[in-house]
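In: 3D model of this:
(one chain, ligands or ions: 1)
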Amino acid sequence: MHEVLIIGGGVAGLTAAMYCRMRAMSVIVVDAGRVGGQLVSVYGDKPVHDWPGQHHIVANDLAAQLIDHAREVEVELVVNQKIAELVRRDAEGFEVVARDVVTLEEHRYGARAVIVAIGGGAFEPRRLKVPGEEGLSEDALTYRMPDRSKVAGKRVVVVGGGDSGLESALAAHEAGAQVTLIQALDRFTGMEISIERADRLQIPRHYNTRVRALEVEDGRIKAVVANTRGIPDPLRLACDYVVVNIGAAVNLDAVKQWGIEVEGNLVRVDQHMRTSVEGVFACGDIVTYPGKYKLLLTAASEGCVAANSAYQYVKKPQRVTVTDLYK
Ligand SMILES: Cc1cc2nc3c(=O)[nH]c(=O)nc-3n(C[C@H](O)[C@H](O)[C@H](O)COP(=O)(O)OP(=O)(O)OC[C@H]3O[C@@H](n4cnc5c(N)ncnc54)[C@H](O)[C@@H]3O)c2cc1C
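Out: Residues are numbered from 1 along each chain as shown. Down below sits the predicted model:
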């Protein structure tokens, strides 16, 4: 029986785990894939500029530092196991059932408290749903940030003008691609710093434009066909690679099965990161509360709060002090 089991090893889960160890609790992190979350699975090559103390750190390197830190303080890390069930066993705690994503073997864990930190892992990237899209390989189309090696020297169309689309466009440009952006709205909606960079680099863009089809030949992309509001003739952009960053559809079926109340597509938490189930806490991109931002920094901060709340729940200290942590 672990004192705390954390579902998901992104920034939120890893920080919560590190903090559980600061409180000398036994903790296990179980991740459905690799530990590191979106930092490694969505934008490993991308520089992060808003992690305190690091003006510029590549996402993969930041993840490596967080994982090293967790290992250093003896957090148990389990990979490739997706949590399927979470049930209260008795007053003492929960039973958590995980399934190995490769062998499908079942693993059962006991925990006094659980922290849900499944972030974007519960999210499915939104698709264009246009002719030609189905069946394209990652060599022709991606819904994540593009690998530099896959776009270098190519004609790349990036669909989406939010944070992810702009960052993909900038990364592809830096990798030597000839980039064009397509945005459905009449303006970009990402961080100002990314919009300014895209403007400065004069990355060609088409606002008010929606993709209608992908022209494909022998599994290779030939062109993106789109309509621009107010212009009768379709736009045809010849290209070799397409990046689609138009958001994510959420699948919270698992979380609902665990009995946790959701709001919209997120888990509602209070300021202690408590969910509707006593003994189950949540943090990171999966949670919502007034003023929530989906960022690395907030995920980490919420992980710390969730860990301290789990500590109070499990250990029931007479008084919670933080200064004893600074020794
Ligand atoms: C393209 C892009 C660029 C970004 N750039 C920045 C940036 O520069 N700065 C910034 O602050 N933020 C950035 N963000 C946002 C930031 O990445 C997220 O806010 C942060 O990663 C959230 O961390 P998390 O731990 O909540 O979730 P995640 O990183 O998504 O980790 C969740 C983990 O849970 C696992 N998981 C899911 N379901 C299960 C299950 N059932 N069982 C077991 N494990 C499960 C997943 O495998 C995953 O490893 C960016 C996001 C994107 C998409």
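
In: how about the residues of this protein that lie near the ligand?
Out: Neighbours of the ligand within the chain, by CB under 6 Å from any ligand atom: 7-13, 30-33, 37-39, 42-43, 48, 50, 82-83, 117-122, 145, 164, 167, 254, 284-285, 294-297, 299. From N, CA and C alone the C-beta is placed, and that goes for glycine too.

In: How about stretch 147-159, which residues are buried there?
Out: Neighbour counts over stretch 147-159 (16 or more other CB atoms under 10 Å) mark 147-148, 150-151, 154-159 as buried.

In: how about the residue nearest to Val280 when sequence neighbours are not counted, secondary structure?
Out: Closest residue to Val280 apart from its sequence neighbours, by CB to CB, 6 or more residues apart in numbering: Val114 at 4.9 Å. Under DSSP: H, G, I helix; E, B strand; the rest coil, the three-state class of Val114 is strand.

In: what's across from Val114 in the sheet?
Out: Judged by DSSP bridges, the bridge partners of Val114 are Leu5, Val280.

In: start to end distance for stretch 115-124?
Out: One end of stretch 115-124 to the other measures 22 Å (CA to CA, to the nearest Å).

In: What average pLDDT does that stretch get?
Out: Stretch 115-124 comes out with an average pLDDT of 80.

In: returning to what we had before: now, which of the buried residues of stretch 147-159 sits nearest Ala223?
Out: Val157 (8.6 Å; CB to CB).

In: wait, Val87 sits on Tyr109?
Out: No - judged on CB atoms under 8 Å, Val87 makes no contact with Tyr109 at a distance of 11.6 Å.

In: what touches both of these two?
Out: Common neighbours of Val87 and Tyr109, counting by CB atoms under 8 Å, 6 or more residues apart in numbering, are Glu95.

In: Tell me which of the two has more neighbours.
Out: Tyr109 (20 against 11; other CB atoms under 10 Å).

In: Tell me the spacing between the residue nearest to the more buried one when sequence neighbours are not counted and Gly37.
Out: Closest residue to Tyr109 apart from its sequence neighbours, by CB to CB, 6+ apart: Val96 at 4.6 Å. Distance of Val96 to Gly37, computed by CB to CB, to the nearest Å: 19 Å.

In: need the helices for this protein, in chain order.
Out: 11-22, 38-41, 59-72, 148-151, 163-174, 192-200, 253-257, 296-315 (DSSP state H).

In: Let me know which of these is tucked in deepest.
Out: helix 11-22 (a mean of 28; mean count of other CB atoms under 10 Å).

In: Pick out whichever of Val96 and Gly37 has more residues nearby.
Out: Taking neighbours as other CB under 10 Å, Val96 and Gly37 compare with Gly37 leading, 29 against 24.

In: So the more buried one sits against Gly10, correct?
Out: Yes - checked against CB under 8 Å, the pair Gly37 and Gly10 is within contact range at 2.3 Å.

In: can you redo the buried residues of stretch 147-159 as a markdown table with pLDDT?
Out: As requested, the buried residues of stretch 147-159 are arranged in a markdown table below (pLDDT from 0 to 100):
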| residue | pLDDT |
| --- | --- |
| Asp147 | 88 |
| Arg148 | 88 |
| Lys150 | 91 |
| Val151 | 94 |
| Lys154 | 97 |
| Arg155 | 98 |
| Val156 | 98 |
| Val157 | 98 |
| Val158 | 98 |
| Val159 | 98 |
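
In: Of all pairs in these, which one spans the longest distance?
Out: Among the buried residues of stretch 147-159, Arg148 and Val159 lie farthest apart (CB to CB), at 18.9 Å.
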